[in-house]
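> Predicted coordinates and the sequence they were generated for:
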Amino acid sequence: MPEPYRHSVAVAGVVVREDGKVLVIRRRDNGQYQAPGGILERDERIEDGVAREILEETGLRVAPEWLSGIYKNMGLGVVALVFRARLLGGTPATTDEAAEVLWMDRDQVAERMTEAFAIRVIDALDGPWPHLRHHDGMRLLPDPAGVPGGERG
């Protein structure tokens, strides 16, 4: 009998500095710019996973503040919960997962990130929250009603 399909749950945090710039990493595995995040561990609270992933990838301590969006990669079956987060402290540093840790403004995010990951940052900056979107790993998918970007809610 085939194994039942299971979704994977990821978390990510959009940390916004006082000057409006957002925390971004360049991933070592694929060279892509993204908000820091990763797979939630089985026995981990969601907000603890956000803080852990950001600390592991950037060296910065954060406090998740609110859910800004829910995103599903339709090809991989990964559901990502993205939170707006507040910086608490720490020193930014590259890690095994992050080749670069930097702060980008909204225009840089739009230029340097793939659409599916840039929208997570833009959505965290712009309410109302939470946003609900679907993508194929690179591009947003329209919802069945034809709404551009798959936005619902």
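Thanks, I have the structure now. Numbering: from 1, shown residues only.

> Please identify the buried residues of the longest helix seen in the chain?
Assignment by DSSP state H gives helix 46-58 as the longest helix of the chain. Neighbour-count burial for helix 46-58, with 16 or more other CB atoms under 10 Å as criterion, is recorded at 47, 49-55, 57-58. C-beta coordinates here come from the backbone N, C-alpha and C atoms, glycine included.

> mind listing what Ala99 touches?
Listed by CB atoms under 8 Å, 6 or more residues apart in numbering, the contact partners of Ala99 are 25-28, 31.

> Among those residues, which one is most surrounded by other residues?
Within the contacts of Ala99, Ile25 tops the neighbour count with 23 neighbours, counted by other CB atoms under 10 Å.

> From the chain's centre, how far out is whichever helix or strand that one is part of? Work that out for me.
Using DSSP states H and E, the element containing Ile25 is strand 22-27. Average the C-alpha atoms of strand 22-27, do the same for its chain, and the two points are 10 Å apart (CA atoms, centre = their mean, to the nearest Å).

> what angle do it and helix 46-58 make?
Put simply, strand 22-27 runs at 60 degrees to helix 46-58, going by axes from the mean of the first three to the mean of the last three CA atoms, to 10 degrees.

> So which elements touch strand 22-27?
Helices and strands touching strand 22-27, by 3 or more CB pairs under 8 Å, 6 or more residues apart in numbering; DSSP states H and E, are strand 8-15, strand 33-34, helix 46-58, strand 98-104, helix 106-112, helix 115-125.

> What's the separation between Val50 and Ala35?
In this view, Val50 and Ala35 are 10 Å apart by CB to CB, to the nearest Å.

> overlap in contacts of the two?
Here Val50 and Ala35 have 12-13 as joint contacts, going by CB under 8 Å, 6+ apart.

> what bits of this protein have low per-residue confidence?
Low-confidence segments of the chain, defined by pLDDT under 70, are located at 1, 145-153.

> Within its sheet, name the partner strands of the helix or strand encompassing Val82 and how each one runs.
Under the criterion of DSSP H and E, Val82 resides in strand 78-90. The pairing partners recorded for strand 78-90 under DSSP bridges are strand 8-15 (parallel), strand 60-73 (antiparallel).

> So which of those is nearest Gly127?
The minimum distance between Gly127 and the strands paired with strand 78-90 falls on strand 60-73, with 8.2 Å, by CB to CB.
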